[in-house]
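J.: Please find the sequence and the predicted model below.
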Amino acid sequence: MDQRLVQGAIIALIMMFVLQAPQLAVVTVAFISIYLVAIALRPQKNDVIVKRALSREVTKDGADIVVTVSVHNKGNAIHWCEVVDELPAGVVLHGSKNSQLFSLACGGTRQWSYKFNACRGLYNWEKLYVKTGDFFGIFFDVSTYEVQSQLSVYPNWNTVGRLFLTPSRLFGYDGRITSKQSGAGADSFGVRQYALGDSLKRVNWRVSAKHRSLYVRDCLMERNTTVNIVVDARASVNKLEDHFDLFEKSLFAAASVADQCLREGHKVSVTLVGHRTKKSVAGVGRKQFKHILATLASAELGLEMGLESYHNRYFTYFDSRTVFVWVSPLIKKDFSPIKSLVAMGYDVAVLSPSLLHEIKETDVRHYLETVRGLIMNGIKSSGAVVLDWPCHKPLSSITKQMQFMKRR
């Protein structure tokens, strides 16, 4: 049986009972009239096209993002339409709304925008909800549309100037970074005729005997190294109080150091150490920098796990010529894994951000500064380069001290 016939029969029965009370007849007739009009104007199945566009898909921390939503009606006129854009976690709107209420004619299009300030992270929009109804709001229909959008908000970084990375052992990289050139090194580059001043230790006797003239081995000039930036993502170390969040400072420092190392031609990778290890593969160039920024953008604080386990499972797989840049606020038990890396022959630099200058209690601040100084002196005595970065100072004033002395 048609639903409208059933509703009409119910209305007829109601009228029969109401007529016994004439004082309610006017109200009943008005209600029934509205109900009949709502039935005639009730929405059919939604036939709309919804789109979402972001002003940027990749940006830096603190940028303003404008999201534009458009709705095009392909079906009958819609008397009442509400569109709601489901916000990803972490998006907070200020002075704008992610929903809009309007009417839409057949073939009509409506669009609006909302704005928010982006904080570091990865944001995914997935769904748009379209709710249509009659003029009186009695009947309505809700449809869900899968509209995928993604925003990557990278951490900020600054140019820090040359880092003077001169570790004890270097690599020779060819390709788009630097061309192969002869010079002091360990890898063979070829042979050439003996020249005055060449060491006899480099004479290639087999080739010399073949050509009846002295030839010496030419080596590949070593100028580059691999830099692995380790970012401490342990919640207990980075977040001392609600207003003392060092993690964003650590990510800022990691991005700045990675940018400069890549500019100097080094291979760079990033490792996030928290409740699980997250890393990027070592690479070169600006494309690698984007990969590093994407890794840092998705970084989250995790539960604490002893760094000794990372030393045993992960760090031992690196080549002995790798330089480790350890970005961490530091705690006492971090001394052991850093000391082990130095003992294995790695060059290690510890860049430690600090917000102790923001503590107003003088006695507490002096105590924490003393403990921090003891930890850093202990790490420095192991052979690592230790850089203390009070976050109110420019990072470039600290990183110029990141210099390794060549071991004989």
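T.: Perfect, I can see it now.
J.: Let me see the ranges of the helices in the chain.
T.: 3-18, 25-41, 205-211, 235-238, 247-263, 285-297, 307-313, 335-343, 362-381, 396-399 (DSSP state H).
J.: for the stretch 251-400 of the chain, which spans come out with low pLDDT?
T.: For the stretch 251-400 of the chain, applying pLDDT under 70 flags the ranges 275-276, 303-317, 400.
J.: Just give me the residue right at the centre of the protein.
T.: Closest residue to the average C-alpha location of the chain: Ala297 at 0.8 Å, with Cα atoms, centre = their mean.
J.: And that one, how far from Thr225?
T.: Distance, Ala297 to Thr225, by Cβ to Cβ, to the nearest Å: 26 Å. All C-beta atoms are positioned from the backbone trio N, CA, C, and that covers glycine.
J.: got it, and Leu104?
T.: Taken as Cβ to Cβ, the span from Leu104 to Thr225 is 62 Å.
J.: the more surrounded of those two?
T.: The residue with the greater number of neighbours, taking Leu104 and Thr225 and applying other Cβ atoms under 10 Å, is Thr225; the counts read 25 against 22.
J.: So the more buried one sits against Lys267, correct?
T.: Yes. Counting by Cβ atoms under 8 Å, Lys267 is a contact partner of Thr225 at 7.4 Å.
J.: before we move on, the earlier item: ok, so what distance separates the residue nearest to the centre of the chain from Asn98?
T.: As judged by Cβ to Cβ, Ala297 and Asn98 stand 22 Å apart.
J.: likewise Tyr123?
T.: As judged by Cβ to Cβ, Tyr123 and Asn98 stand 13 Å apart.
J.: go on, Ser382?
T.: For Ser382 relative to Asn98 (Cβ to Cβ), the value is 53 Å.
J.: now do Asn158
T.: Asn158 is 33 Å from Asn98, where distance means Cβ to Cβ.
J.: Who has more neighbours out of the two?
T.: More crowded of Asn158 and Asn98, by other Cβ under 10 Å: Asn98, with 18 against 14.
J.: what pLDDT does that one get?
T.: At Asn98, the predicted lDDT confidence score is 89.
J.: which non-adjacent residue is nearest it?
T.: For Asn98, ignoring the flanking residues on the chain, the nearest one in space by Cβ to Cβ, 6 or more residues apart in numbering is Asp85 at 4.5 Å.
J.: The one you found bridge partners, please.
T.: On DSSP bridges, the residues paired with Asp85 through beta bridges are Leu128.
J.: surely the residue nearest to the centre of the chain meets Asn156?
T.: No. No contact is recorded between Ala297 and Asn156 when judged using Cβ under 8 Å, the distance being 11.1 Å.
J.: sorry, back to before: the residue nearest to Asn98: how many residues sit nearby?
T.: Asp85, neighbours per other Cβ under 10 Å, totals 20.
J.: likewise Trp157?
T.: Other residues close to Trp157 by other Cβ under 10 Å number 23.
J.: Pull the contacting residues for it.
T.: 252, 255-256, 258-259 (Cβ atoms under 8 Å, 6 or more residues apart in numbering).
J.: Check Pro329 too.
T.: Shown here is Pro329, whose contacts under the criterion Cβ under 8 Å, 6+ apart are 232, 237-238, 246, 250, 352-354.
J.: Recalculate using a threshold of 10 Å.
T.: Pro329 is in contact with 232, 234, 237-240, 244, 246-247, 249-250, 352-356, 372, 375, 389, counting by Cβ atoms under 10 Å, 6 or more residues apart in numbering.
J.: which one's the longest strand in the chain?
T.: Secondary structure of the chain per DSSP state E: the longest strand is strand 140-154.
J.: Asn238 against Ser328, yeah?
T.: Yes. Proximity of Asn238 to Ser328 meets the contact threshold set by Cβ atoms under 10 Å, at 8.5 Å.
J.: shared neighbours of the two, anything?
T.: Residues within reach of Asn238 and of Ser328 at once, by Cβ under 10 Å, 6+ apart, are 231-232, 246, 250, 353.
J.: Now render the residues you listed as JSON lines, adding distance to Lys51 and neighbour count.
T.: Written out in JSON lines, the entries for the shared contacts of Asn238 and Ser328 read as follows (distance: Cβ to Cβ, whole Å; neighbours: other Cβ atoms under 10 Å):
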{"residue": "Val231", "distance to Lys51": "37", "neighbour count": "25"}
{"residue": "Asp232", "distance to Lys51": "42", "neighbour count": "25"}
{"residue": "Leu246", "distance to Lys51": "41", "neighbour count": "21"}
{"residue": "Ser250", "distance to Lys51": "38", "neighbour count": "27"}
{"residue": "Pro353", "distance to Lys51": "42", "neighbour count": "25"}
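J.: with these in mind, which one is nearest to Lys279?
T.: In terms of Cβ to Cβ, no member of the shared contacts of Asn238 and Ser328 lies closer to Lys279 than Val231, at 10.0 Å.
J.: Kindly state the pLDDT recorded for that closest one?
T.: Reading off the per-residue confidence, Val231 sits at a pLDDT of 90.
J.: my guess is it meets Ala299, correct?
T.: Yes. The pair Val231 / Ala299 is scored as a contact, 6.8 Å apart, by Cβ under 10 Å.
J.: what sits in contact with each of those two?
T.: Taking Cβ under 10 Å, 6+ apart as the contact criterion, the common neighbours of Val231 and Ala299 are 247, 250-251, 254, 270, 272, 274, 278.
J.: Right, I'll leave it there.
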